[in-house]
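Participant: with the sequence up front, the predicted model follows.
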Amino acid sequence: MAVTAWQVHATLSRSAANGPGTRFVVWTQGCSLGCEGCFNPETHDAGGTARTAEDVAAEALRTPDAEGVTVSGGEPLEQPAPLREFCALIRPSGLGIVVLSGFSRAEIEENPDRLAAVQDADMVIAGRYNPRLHLGTGLRGSSNKEYWAITSRYSADDFAAVPEIEIVISADGTFSMTGMHAWGGP
Ligand code: SF4
């Protein structure tokens with residue numbers, strides 16, 4: 001398998017606010033979609049940390065008792081090659097895979113690289129964030145975004161009970177927040 005650099009904003013080993021159950025989360029770095037009201041502008045530029053899908057997958061697979069992984073951003077599908085590699089590495093483990101994207105389902109389906117990148121995912125939550133249609137629940141961010149079930153593992157109902165916000169206390173005592181009420185995207 002090819003090894004492609006993956007610009008990553010952050011990872012979180014255990015989250016309860018980024019999809020069903022306990023999940024490993026990776027936020028990719030870089031987004032050019034420019035949604036009004038995006039709560040996560042620090043993920044827009046092309047910085048971040050250069051990692052590989054293998055490295056991040058190995059970190060994800062060390063998470064004990066996880067239900068799955070969530071890939072968020074930034075815009076994960078602006079780096080389709082490492083996303084595809086990551087999903088392919090996670091798939092054999094049996095962990096569920098959720099991808100949050102600002103691209104619509106049609107924009108993903110019409111682009112072969114984007115479509116290939118989510119072929120091993122279970123659920124894609126797709127579409128631009130719209131602050132006038134904001135939702136605090138369900139991980140969609142705004143009601144125009146679409147649950148696109150690639151497999152039957154998850155349905156929209158599985159996301160209804162996802163907490164709106166999560167406060168993470170790091171080993172060094174610092175606090176951070178994740179979850180859809182903490183930021184809007186992708
Ligand atoms: S909401 Fe998501 S897709 Fe939209 S600008 Fe922000 S990071 Fe990009």
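Facilitator: Perfect, thanks for sending it.
Participant: surely residue 138 is in contact with residue 155?
Facilitator: No: counting by C-beta atoms under 8 Å, residue 138 stays clear of residue 155, with 11.5 Å between them. Quick note: C-beta positions are derived from backbone N, CA and C, even for glycine.
Participant: quick one: which of these two has more around it?
Facilitator: residue 138 (19 against 12; other C-beta atoms under 10 Å).
Participant: residues touching the more buried one, list them.
Facilitator: 156, 159, 160, 162, 180 (C-beta atoms under 8 Å, 6 or more residues apart in numbering).
Participant: make sure it is indeed in a strand.
Facilitator: No: using DSSP: H, G, I helix; E, B strand; the rest coil, the assignment for residue 138 is coil, not a strand.
Participant: and the contacts of the longest helix anywhere in the chain?
Facilitator: In the chain, with assignment by DSSP state H, the single longest helix is helix 80-90. Outside helix 80-90, the residues that touch it by C-beta under 8 Å, 6+ apart are 1-6, 26, 28, 52-54, 56-57, 60-61, 69, 71, 76-77, 97, 99, 113-114, 116-121.
Participant: which of those fall within strands?
Facilitator: Judged by DSSP state E, those include 5, 6, 26, 28, 52, 69, 71, 97, 99 as members of strands.
Participant: now for those residues: which two are most distant?
Facilitator: Greatest spacing in these, by C-beta to C-beta: 5 and 97 (20.8 Å).
Participant: which one of the two has more residues nearby?
Facilitator: The residue with more neighbours, out of residue 5 and residue 97, is residue 97; 26 against 12, by other C-beta under 10 Å.
Participant: I'd guessed that one sits against residue 66; true?
Facilitator: No: using C-beta under 8 Å, residue 97 makes no contact with residue 66, being 11.3 Å away.
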